[in-house]
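>>> coordinates for the following, if possible.
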Amino acid sequence: MDGTGSGEARQAVPTSLFVLSLPRSLSTVVYHAACMSLDLSQPAWTTDGELLNSDRFARSPGDDAGEPGTKYTQRGHAPTFFDDLGRFLDRTVSLQGHGYKDVVHPFVCAAWLADGRFPTLKLRRDPAEVAMSMLARGWHYPATVASPGRALDVAVIEGLLRAWRAIDAVPGVTLDYDAVIADEDALHAALAELYPEVPLRRVRFIDSAFGNDRDHQLARRETDEYRRLSAIVDAVASDLDAVPHSNGPDPKTAGA
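Residues are numbered from 1 along each chain as shown. Have a look, this model is predicted:
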């Protein structure tokens with residue numbers, strides 16, 4: 001990953017950035033590229049800016065760490081812990097000059113960021129692809145927020161859809177996964193929308209290894225498993241659409 005200067009002097013330290021996404025959505029690459037583009041610092045005591053992922057605190061290997069820590073906390077299920085996480089963000093997030101990321105506590109972050117005080121980049125990937133990747137790794141924690149009695153794969157998908165609806169309601173800019181893997185300029189344009197007064201570096205992260213992995217990911221869309229999971233996504237989305245409160249979090253009750 002490398003960046004080139006904008007040729008303009010930066011006049012002020014930018015407001016801190018949040019990157020939100022479902023797991024397995026290229027969030028780590030996007031996060032580091034965004035921090036480089038904006039010249040943002042990263043918290044030293046966790047990896048990849050993940051303030052709420054306890055698995056990261058010990059610098060665990062791998063991208064978007066798996067099952068061990070508590071994830072996908074909702075206020076309605078664990079109100080004290082939910083509020084504790086919000087207070088933790090109050091204490092640790094710097095108003096300016098830093099980049100942060102979350103993929104494991106979307107309901108907490110949706111509530112905390114609902115007032116729009118921080119520029120937020122929302123990275124969107126097809127939930128069927130996310131589910132296929134997570135199920136292959138044995139990462140099932142989104143199922144904890146699903147309706148009772150669901151089969152595991154259906155429950156994981158329901159949890160992912162609920163998580164994305166919470167993320168989607170946060171003020172900010174949405175960037176599609178397919179746009180990012182096709183052209184780095186998509187990220188540059190999204191950051192320019194979030195930070196119209198800030199000179200940006202152009203960051204390059206697409207190389208031959210990236211292209212090979214991209215081709216592998218795209219090929220999975222031709223599989224029977226992807227088509228099966230896509231059908232489940234459509235069915236579960238219809239179920240959630242039938243329940244009005246599932247369309248997005250109320251800022252006062254997000255995560256309930």
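
>>> helices and strands around the host helix or strand of Lys101, which ones?
Element membership of Lys101, judged by DSSP states H and E, is strand 99-102. With contacts defined as 3 or more Cβ pairs under 8 Å, 6 or more residues apart in numbering; DSSP states H and E, the packing partners of strand 99-102 are strand 17-21, helix 27-38. To be clear about C-beta, it is placed using only N, CA and C from the backbone, and glycine gets the same treatment.

>>> most tightly packed of those?
strand 17-21 (a mean of 27; mean count of other Cβ atoms under 10 Å).

>>> and it, which strands flank it?
strand 99-102 (parallel), strand 120-124 (parallel) (DSSP bridges).

>>> Thr73 is nearest to which of the ones you listed?
strand 99-102 (11.6 Å; Cβ to Cβ).

>>> next structured bit after the closest one?
Using DSSP H and E, the helix or strand that follows strand 99-102 in sequence is helix 106-112.

>>> what is the burial count for Gln74?
Gln74: 22 surrounding residues under other Cβ atoms under 10 Å.

>>> circling back: which residues are in contact with the strand holding Lys101?
Residues from elsewhere that reach strand 99-102, judged by Cβ atoms under 8 Å, 6 or more residues apart in numbering: 16-20, 27-28, 31, 34-35, 38, 40-43, 48-53, 93, 108-109.

>>> hmm, try it at 7 Å
16-20, 27, 31, 34-35, 40, 42, 48-52, 93, 109 (Cβ atoms under 7 Å, 6 or more residues apart in numbering).

>>> circling back: with mean neighbour count added, can I get the strands paired with strand 17-21 in TSV?
As requested, the strands paired with strand 17-21 are exported to TSV (neighbours: other Cβ atoms under 10 Å):
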stretch	mean neighbour count
strand 99-102	27
strand 120-124	23
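
>>> pLDDT value on Gly5, please?
Gly5 carries a pLDDT value of 61.

>>> now do Arg165
Per the predicted model, pLDDT is 98 at Arg165.

>>> number of nearby residues for it?
There are 18 residues near Arg165, going by other Cβ under 10 Å.

>>> okay, and for this structure, where does confidence drop off?
Residue ranges of the chain with pLDDT under 70: 2-11, 56-69, 244-256.

>>> can you rerun that using 80?
1-11, 54-69, 243-256 (pLDDT under 80).

>>> where along it do the helices fall?
27-38, 54-57, 79-92, 106-112, 127-137, 152-168, 177-182, 185-194, 208-219, 224-241 (DSSP state H).

>>> sorry, back to before: can you say which of the helices and strands packed on strand 99-102 is nearest to Glu197?
helix 27-38 (11.8 Å).

>>> just list what that closest one packs against, helices and strands only.
For helix 27-38, the packing partners by 3 or more Cβ pairs under 7 Å, 6 or more residues apart in numbering; DSSP states H and E come out as strand 17-21, strand 99-102, strand 120-124, helix 185-194, strand 202-204.

>>> now the angle between helix 208-219 and that helix, please.
Counting by axes from the mean of the first three to the mean of the last three Cα atoms, to 10 degrees, helix 27-38 lies at 140 degrees to helix 208-219.

>>> quick one: work out the angle between helix 27-38 and helix 185-194.
60 degrees.

>>> and helix 27-38, C-alpha only, in PDB?
Taking Å, rounded to 0.1, in the frame of the first residue of the first chain, the C-alpha atoms of helix 27-38 are listed here in PDB:
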ATOM      1  CA  SER A  27     -12.600  -3.300   6.000                       C
ATOM      2  CA  THR A  28      -9.000  -3.600   7.200                       C
ATOM      3  CA  VAL A  29      -7.600  -2.600   3.800                       C
ATOM      4  CA  VAL A  30     -10.100   0.300   3.500                       C
ATOM      5  CA  TYR A  31      -9.300   1.400   7.000                       C
ATOM      6  CA  HIS A  32      -5.500   1.500   6.600                       C
ATOM      7  CA  ALA A  33      -5.900   3.200   3.200                       C
ATOM      8  CA  ALA A  34      -8.200   5.800   4.600                       C
ATOM      9  CA  CYS A  35      -5.900   6.500   7.500                       C
ATOM     10  CA  MET A  36      -3.000   7.000   5.100                       C
ATOM     11  CA  SER A  37      -5.100   9.200   2.800                       C
ATOM     12  CA  LEU A  38      -6.200  11.500   5.700                       C
END
